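Trainee: prediction below, plus the sequence it came from.
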Amino acid sequence: MDTGLSGRRALVCAASKGLGRACAMALAREGVAVTITARTAEALEKTAAEIRAETGVAVTAVAGDITTEAGRAAALAACPDPDILVNNAGGPPPGDFRDWDRDAWLRALDANMLTPIFLIKSVVDGMIARKFGRIVNITSASVKSPIPNIGLSNGARAGLTGFVGGLARQVARHNVAINNLLPGPFATDRLAITMASAAKASGRTVEQEIAERAKAAPAGRVGDPAEFGAACAFLCSAHSGFIVGQNLVLDGGAFNATMG
Ligand code: NAP
């Protein structure tokens, strides 16, 4: 399938590793010029070089913390009029809700709710004017099926999901499609961190925890980030303007519901 994306521009946040990187790579393979961000410049430049080498598209790397105003301003200065925005940032730490004070909650809300909202606000009117826009927010399967030890994530991402559900319907008539991708367990560094927390609580090893998660999914495995990137590229494609305000779970079937 021709995604119709060749020549488009994308801003992909938090993309030196893991799911963000996979989205940037998948878009670049479709001929999209990508601007990628992450805090650690060295890893980011390495990823930019890998994407360039594999796809031949223009890749701009902007080092910075996307959850800060300065980080967002730098990303938008490098890519002021994206056709595609992929919102992503690191997930909040797992833990016990008794330990989370107001500052912990504000950090989670900043990273996983307000940062994507402010980035959308910055780019959506340009998309409307140009009659093409695709916004994908990387959230989590925990939005539909909350995971007890990541309450900061469950809460902040639910807030983003509510806002986006309304906004997606306000902009859809302009061929601007906003959707959320909800990862279950994917083989990234983040999975190792959340599984380490689960292992501490259960007394099992991290490997045992990951094997348990793999067994819990009908697919019998954890996800490959490349599969996530491919789903993102499809949601950004020229064919996806009628997919509006959806929450697509990619979890190998672990979330068990006829509809939902
Ligand atoms: P990952 O492999 O740890 O990669 C995170 C990426 O984001 C890195 O490139 C990191 O680079 C960058 N990053 C983190 N914080 C940032 C910030 N404040 N500003 C700019 N860049 C930042 O994580 P992942 O597995 O891809 O996860 C991506 C998102 O999906 C997270 O929100 C995670 O909670 C969520 N999620 C993941 C899974 C899973 O199984 N993998 C499941 C559910 C939800 P720097 O550290 O250099 O900034």
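Mentor: Sure, I can see it. Residues are numbered from 1 along each chain as shown.

Trainee: if I look at Gly91, how far off is Thr139?
Mentor: Applying C-beta to C-beta, to the nearest Å, the value for Gly91 to Thr139 is 10 Å. Just so you know, the C-beta spots here come from the backbone N, C-alpha and C atoms, and that holds for glycine as well.

Trainee: more neighbours, the two?
Mentor: A count of neighbours by other C-beta atoms under 10 Å puts Thr139 above the other of Gly91 and Thr139, at 28 against 22.

Trainee: what sits against that one?
Mentor: 112, 157, 160-161, 180-182, 247 (C-beta atoms under 8 Å, 6 or more residues apart in numbering).

Trainee: residues that sit against both of Gly91 and Thr139, list them.
Mentor: With contacts defined as C-beta under 8 Å, 6+ apart, the residues shared by Gly91 and Thr139 are Asn112.

Trainee: hmm, which helix or strand of the protein has the shakiest average pLDDT?
Mentor: helix 189-202 (a mean of 87; mean pLDDT, DSSP states H and E).

Trainee: packing partners for it?
Mentor: For helix 189-202, the elements it packs on are helix 206-216, judged by 3 or more C-beta pairs under 8 Å, 6 or more residues apart in numbering; DSSP states H and E.

Trainee: can you name the residues in contact with the helix it packs on?
Mentor: With C-beta under 8 Å, 6+ apart as the criterion, helix 206-216 contacts 184-185, 191-192, 195-196, 198-199, 202, 204, 220-222, 254.

Trainee: can you give me the strands for the protein?
Mentor: 9-12, 33-38, 59-63, 84-87, 133-138, 176-183, 247-250 (DSSP state E).

Trainee: kindly export the longest one (C-alpha atoms) in CSV.
Mentor: In this case it means strand 176-183. Presented in CSV, the C-alpha positions along strand 176-183 are these (Å, rounded to 0.1, in the frame of the first residue of the first chain):
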residue,chain,number,x,y,z
VAL,A,176,-6.9,16.4,10.7
ALA,A,177,-7.1,13.0,12.4
ILE,A,178,-6.1,12.6,16.0
ASN,A,179,-5.8,9.1,17.5
ASN,A,180,-4.1,7.3,20.3
LEU,A,181,-2.0,4.2,20.2
LEU,A,182,-2.1,2.2,23.4
PRO,A,183,0.9,-0.1,23.8
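
Trainee: tell me which strands it pairs with, and in which orientation.
Mentor: Paired neighbours of strand 176-183 in the sheet (DSSP bridges): strand 133-138 (parallel), strand 247-250 (parallel).

Trainee: distance of the residue nearest to the spatial centre of the chain relative to Val164?
Mentor: Among the residues of the chain, the one closest to the centroid is Ile138, at 2.4 Å (C-alpha atoms, centre = their mean). Separation of Ile138 from Val164 (C-beta to C-beta): 12 Å.

Trainee: kindly report the same for Ile66.
Mentor: Taking C-beta to C-beta, one finds Ile66 at 17 Å from Val164.
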